[in-house]
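Participant: Any chance you can model this:
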Amino acid sequence: MTRTASLLCGVGSAAMAALLILSATVAPATEVDEEYEFYPLPPGEGVEEVFYACQACHSLRTLTNGGYSRRVWDELLDWMVDDQGMPELPEDEREVVLDYLATHIGEDWEGQPMR
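Facilitator: Numbers count the residues shown, from 1 in each chain. Okay, here's the model as predicted:
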């Protein structure tokens, strides 16, 4: 089993589809100033919570290469907690994180590709 297939085994079908689509596409860049404190995340309410909750385990490029619906982000958070050892976020913080992800790196996110 490939690393990607292994990774996708625990992800819900919507999240799996989003990850497969992501791996086949590269979106045009949306610029975020490299001097920005939470680079490469776009500015917005909840960016600090997302920055600290996510960068503890992986690159923030994992997020900025996303562009998922709130439902898919929610499934991915469940998968990270259930299968990857991510500490569960308090409900109010989880809502802030989901709001940020769905709003600022949601389905219409045009991405800032890795350099």
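Participant: out of everything not next to it in sequence, what's closest to T103?
Facilitator: Leaving aside its sequence neighbours, T103 sits nearest to G44 (Cβ to Cβ, 6 or more residues apart in numbering; 6.4 Å). The way it works is simple: take the backbone N, C-alpha and C, and place the C-beta from them, glycine included.
Participant: E48 against C54, yeah?
Facilitator: No - under the criterion of Cβ atoms under 8 Å, E48 makes no contact with C54, lying 11.1 Å away.
Participant: who's more crowded, these two?
Facilitator: Higher neighbour count among E48 and C54: C54, with 19 against 13, using other Cβ atoms under 10 Å.
Participant: List the residues that contact the more buried one.
Facilitator: Contacts of C54 were listed using Cβ atoms under 8 Å, 6 or more residues apart in numbering, and they are 60, 62-63.
Participant: And the buried ones among those, selectable in PyMOL?
Facilitator: Here is the PyMOL command that selects the buried residues among these (16 or more other Cβ atoms under 10 Å):
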select buried, resi 63
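Participant: wait, which of the contacts of C54 is closest to G106?
Facilitator: Out of those, the one with the shortest distance to G106 is L63. That distance is 11.3 Å, counting by Cβ to Cβ.
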